[in-house]
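Asker: give me coordinates for this.
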Amino acid sequence: MKDVYLAIVLAPLAGAIIAGLGGRFIGRSGAHWVTIIGVGISSVLSLFAWKHLMFDGGEVYNAEIYTWLKLGDLKFSVGFLVDQLSVTMMLVVSFVSWMIHIYTIGYMRDDPGYQRFFSYISLFTFAMLMLVMSNNFVQLFFGWEAVGLVSYLLIGFWFKRESAIFASLKAFIVNRIGDFGFLIGIAAVLMYFNSLDYMQVFSQAGTLENPTLSLIPGMEWSVLSFICICLFIGAMGKSAQVPLHVWLPDSMEGPTPISALIHAATMVTAGIFMVARMSPLYELSETALSLILLVGAVTAFFMGLLGLVQHDIKRIIAYSTLSQLGYMTVALGASAYSVAIFHLVTHAFFKALLFLAAGSVIIALHHEQDVRRMGGLYRYMPVTWFTALIGSLALVGFPLTSGFFSKDAIIEAVHYSQLPFAGLAYAAVLAGVFITALYTFRLFFLTFHGEERMDRHTWEQLGESPGVVTFPLFMLAIPSLVIGAYLVGPMVLGDYYKDAISVSAGHAAWFNEMVSHYSGAFDILVNSWKHAPVWLALAGIFVAWLCYIRYPHWPGRIADMSAVIYRLFVRKFYFDEVYQAVFAGGARNAGNALWQWGDVRAIDGFLVNGTARAVRRFSASIRTLQTGYLYHYAFAMIIGLLLLLAVFVHQLM
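Answerer: As a prediction, the model looks like this:
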């Protein structure tokens, strides 16, 4: 299987290199064919690896491929760990990326950077596969930074736009903040475990449950809590959790296919996967789990609220991603790692579907993205309408859709958790169901139903997107409908992950109590009508219909009556302004002060120019002794001779 796993990783890389370096020679069609074939190979082989491991009795693969660097007893190596967790991620990442590659042919067909874009998205897939298949922290960090680098390139793909440049820099800088904590966490792992190999670290985790360290004199921290929190800070950056979430909405400046790839299968899922992979460490730190639970709850609730007031079709979906990532983070904090990955899987399909459907609308409207200039599109784009409806229903957790099974499992898991902040988190995710349904169907109704608000020129050219765009929509709509019912049994109620995920006995007891009430997908469906989430979702859809179809004047009146709250939502809780003033502005002011007082005055003024002035003045004083008159020099010689005689006589006495 070693060759199969190498091919899964290297096929997208080969496509990226050929399209990137040889794009001029192979042309536009050559660039998309070589990358689509590369990612297609990776997807098919990932399916084969999943079948081999899950159905054919294959063994978990954990081996070193080669040693990159050796320092004494410490080795930095490239290796693969392919178990139930990583093979699931491999299949999701490669398949969703494959569909996005095909979609990109239609979306980017007139773009001058066509070959470059295909090279970047194929490289993105390679980086994410390296991350999820790693068996050590060094390779994990390589994949972690590689997805950050490629996201910077893709968000700023249209580099002639100032907004794209700003968004790419914002994403890069915010992620560097998170990655600083992540790197400290890895350094602490190396310091205390003397190894960077997952299995060696996990096997020693129990020995560090009690040891402490002192960051501040008089304050003792658990070593494991410190490591886990530092690693989670990295996850907060990658998976856009409050307060490191501000980069994700601005990432919409990139082309729509990359928005789908970042939000569904790569960048933002990296943090969720990493915490699940590190479950043997997190299970020994309830402090870290409580923090994760709190951060996830805040993100799930408050970021969902912001989706209610956005007008850009892609930004509404972006805030939806922030909220859904909060749900996954809440599940991680409740030790329901399997449920978090389950929602990650279902979310990947329906979120990619929603973004690609939004891209189909943008193509039809000649790159118009304001939902206030849309409406009634179901008449002209029936395929896009139907697939967007499936994605929307899955997002709100409508019964039988994939999102229904995964989101309800998260809510139930948090309900049974006994960790600190579990009650707060439960209230947040429960309220988030109504909010999600409201902003999702606000988007759906404003885009596809109601009054047609586009200009006449656009209206005359309206039509369905080409087959190369709609085919991926159908391919993503199918799992958005059925994969939840298929996977809920093994992933939530069964032992799908086996030893890939570790849960302590105490935490497992809460989870087992939850699953004991259900026997399968049908049982979950029947019992769901007894619980609040389904009714909250239906209420959100109904309120959206009232506000945006039946009484479209209501939202304006509500905004006027709650002007302060509405302004708070529109300004995104002033996170951007605070960061701009305190951090960006503060850094600029500190830099200017250091330049003025340090560089200009201290270094240039005192050390460099000051030294030069002192030498010049001293030289000017000495120069006055050189008069050029012979009698002056004779007089000086006589004075010098007399001084020498005086010293000599003094010594004799």
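
Asker: list the residues that contact His415.
Answerer: Contacts here follow C-beta atoms under 8 Å, 6 or more residues apart in numbering; on that basis His415 touches Tyr426, Met514. Backbone N, C-alpha and C define where each C-beta goes, glycine included.

Asker: one more pass at 10 Å, please.
Answerer: By C-beta atoms under 10 Å, 6 or more residues apart in numbering, the residues touching His415 are Ala334, Ala422, Gly423, Ala425, Tyr426, Val429, Leu430, Trp510, Met514, His531.

Asker: buried subset of those as a PyMOL selection?
Answerer: A single PyMOL command selects the buried members of the contacts of His415 (16 or more other C-beta atoms under 10 Å):
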select buried, resi 334+422+425+426+429+430+510+514
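
Asker: of the contacts of His415, closest to Leu354?
Answerer: Closest approach to Leu354 among these (C-beta to C-beta): Val429, at 20.0 Å.

Asker: the closest one touches Ile410, doesn't it?
Answerer: Yes: using C-beta atoms under 10 Å, Val429 makes contact with Ile410 at a distance of 6.4 Å.

Asker: now Thr256: how far from Leu154?
Answerer: Distance, Thr256 to Leu154, by C-beta to C-beta, to the nearest Å: 11 Å.

Asker: again with Leu536
Answerer: Distance of Leu536 to Leu154, given as C-beta to C-beta: 36 Å.

Asker: same question for Gly610.
Answerer: Counting by C-beta to C-beta - Gly610 and Leu154 are separated by 50 Å.

Asker: between the two, which one's more packed in?
Answerer: The neighbour count for Gly610 versus Leu154, taken as other C-beta atoms under 10 Å, is higher for Leu154 (28 against 14).

Asker: can you tell me, leaving aside adjacent residues, what's nearest to that one?
Answerer: Distance criterion C-beta to C-beta, 6 or more residues apart in numbering; nearest residue to Leu154, sequence neighbours excluded, is Ile258 at 4.2 Å.

Asker: do the same with His531
Answerer: Leaving aside its chain neighbours, His531 sits nearest to Asp408 (7.5 Å; criterion: C-beta to C-beta, 6+ apart).

Asker: give me the distance from the helix or strand that contains the one you found to the chain's centre.
Answerer: Element membership of Asp408, judged by DSSP states H and E, is helix 402-416. Taking C-alpha atoms, centre = their mean, to the nearest Å, one finds helix 402-416 lying 22 Å from the centre of the chain it belongs to.

Asker: dump that helix to CSV, restricted to CA.
Answerer: Provided in CSV are the C-alpha atoms of helix 402-416 (Å, rounded to 0.1, in the frame of the first residue of the first chain):
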residue,chain,number,x,y,z
SER,A,402,-26.9,14.9,5.7
GLY,A,403,-26.7,18.0,7.9
PHE,A,404,-29.7,16.8,9.9
PHE,A,405,-27.9,13.8,11.3
SER,A,406,-24.6,15.4,12.0
LYS,A,407,-25.8,18.7,13.5
ASP,A,408,-28.4,17.0,15.7
ALA,A,409,-25.6,14.6,16.9
ILE,A,410,-23.5,17.6,18.0
ILE,A,411,-26.4,19.2,19.9
GLU,A,412,-27.2,15.9,21.7
ALA,A,413,-23.5,15.3,22.5
VAL,A,414,-23.2,18.8,24.1
HIS,A,415,-26.5,18.3,26.0
TYR,A,416,-25.1,15.2,27.7
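
Asker: packing partners for the helix or strand just after that helix?
Answerer: Reading on from helix 402-416 to the C-terminus, the next helix or strand found by DSSP H and E is helix 422-448. Judged by 3 or more C-beta pairs under 10 Å, 6 or more residues apart in numbering; DSSP states H and E, helix 422-448 is in contact with helix 286-306, helix 313-333, helix 337-364, helix 382-396, helix 402-416, helix 532-545.

Asker: what's near enough to touch Glu253?
Answerer: Residues near Glu253 by C-beta under 10 Å, 6+ apart: 154-158, 161-168, 170-171, 259, 314.

Asker: same check, this time on Ile8
Answerer: Taking C-beta under 10 Å, 6+ apart as the test, what Ile8 contacts is 41-46, 48-49, 80, 82, 87, 90-91, 93-94, 126, 129, 133.

Asker: of those, which belong to helices?
Answerer: 41-46, 48-49, 87, 90-91, 93-94, 126, 129, 133 (DSSP state H).

Asker: for PyMOL, what selects the buried ones among the contacts of Ile8?
Answerer: In PyMOL, this line selects whichever of the contacts of Ile8 come out buried by 16+ other C-beta under 10 Å:
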select buried, resi 41+42+43+44+45+46+49+80+82+87+90+91+93+94+126+129+133
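
Asker: okay, now the unreliable bits of the stretch 501-650 of the chain?
Answerer: Counting by pLDDT under 70, the stretch 501-650 of the chain has low-confidence residues at 625.

Asker: if we go to 80?
Answerer: When residues are selected by pLDDT under 80, those of the stretch 501-650 of the chain lie in 582-591, 593-613, 618-633, 635-636, 648, 650.

Asker: please apply the same query to the chain.
Answerer: By pLDDT under 80, the weakly predicted segments of the chain are 71-73, 209, 214-219, 456-460, 582-591, 593-613, 618-633, 635-636, 648, 650-653.
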